[in-house]
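1. Have a look; sequence and predicted model below, questions after that.
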Amino acid sequence: MAGEGTFRFGAGRLSLDLIRTLRYRGRPDEVEELPSAAGWDAWLRRAGLDEPRDADPDRAVLARELREHVAALIGAFAEHGLAAVRGADLDAVNAAAAHPVPAPRLGAGGALRHVSEHPGAAVRSLLARDALDVLSTIDQDRLRRCADPDCRTLFIDTSRPGSRRWCAMAGCGDRAKKAQQRARDRGPDPA
Ligand SMILES: [Zn+2]
């Protein structure tokens with residue numbers, strides 16, 4: 001069972017990290033990392049978005065719905081470009097982004113809090129706005145899928161040559177390097 005320690009971050013944007021909470025998307029062994037409200041709370045904690053606290057019992061359902069719209073939209077953009085950014089998924093992400101985001105409030109003594117009358121909608125708006133920002137500011141050829149066939153995470157390649165292949169060197173990149181090394185150590189295939 002997926003726990004708080006298994007969440008993967010580092011795709012470059014929170015909306016991309018949200019997409020990867022459905023691991024092995026579309027495969028028979030797909031793993032839902034946000035199966036419950038507690039799972040969603042844990043993800044928000046890791047993302048630093050756990051304030052204000054959302055007490056809606058349906059918050060994980062709403063989060064998964066938004067995630068799937070974001071995944072469809074950004075996935076379509078990565079494969080087919082901006083012409084594919086349209087339809088019901090776009091309408092849903094735009095609608096989520098229309099809600100006010102959490103407001104910063106500095107208390108006497110300097111403690112910064114984040115407040116909202118509708119915490120759940122506010123945090124979903126943050127994530128939806130991040131997705132819209134990715135779609136409107138990132139070049140299609142800088143949005144890549146990790147070369148690890150078990151990962152396929154969408155990430156933003158910010159390297160100068162634009163030749164990054166893995167979502168992260170720690171993990172997917174290291175595994176690939178070690179596999180190459182093992183293949184070299186074995187020598188050429190007898191076949
Ligand atoms: Zn990867």
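-> Sure thing, it's come through. Worth saying up front: this structure is predicted, and the values here are computed from it rather than measured.
2. Any idea how many residues pack against residue 126?
-> Residues within reach of residue 126, counting by other CB atoms under 10 Å, total 20. For every residue, glycine as well, the C-beta is placed using N, CA and C.
3. who's in contact with it?
-> Listed by CB atoms under 8 Å, 6 or more residues apart in numbering, the contact set of residue 126 reads 14, 49, 101, 102.
4. Is it in a helix, a strand, or coil?
-> With DSSP: H, G, I helix; E, B strand; the rest coil as the basis, residue 126 sits in helix.
5. which other helices and strands contact the lengthiest helix in the chain?
-> For the chain, the longest helix by residue count, based on DSSP state H, is helix 59-80. When contacts are defined as 3 or more CB pairs under 8 Å, 6 or more residues apart in numbering; DSSP states H and E, helix 59-80 sits against helix 14-19, strand 22-23, helix 37-47, helix 87-97, helix 119-137, strand 143-145, strand 154-156.
6. Scan the helices and strands of the chain for the one with the lowest mean pLDDT.
-> helix 174-186 (a mean of 87; mean pLDDT, DSSP states H and E).
7. In a markdown table: the contacts of residue 126, plus neighbour count, distance to the ion and secondary structure.
-> Compiled in a markdown table, the contacts of residue 126 are given as follows (neighbours: other CB atoms under 10 Å; distance: CB to the ion, whole Å; DSSP: H, G, I helix; E, B strand; the rest coil):
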| residue | neighbour count | distance to the ion | secondary structure |
| --- | --- | --- | --- |
| 14 | 18 | 17 | helix |
| 49 | 18 | 23 | coil |
| 101 | 17 | 29 | coil |
| 102 | 18 | 30 | coil |
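8. Thanks a lot, catch you later.
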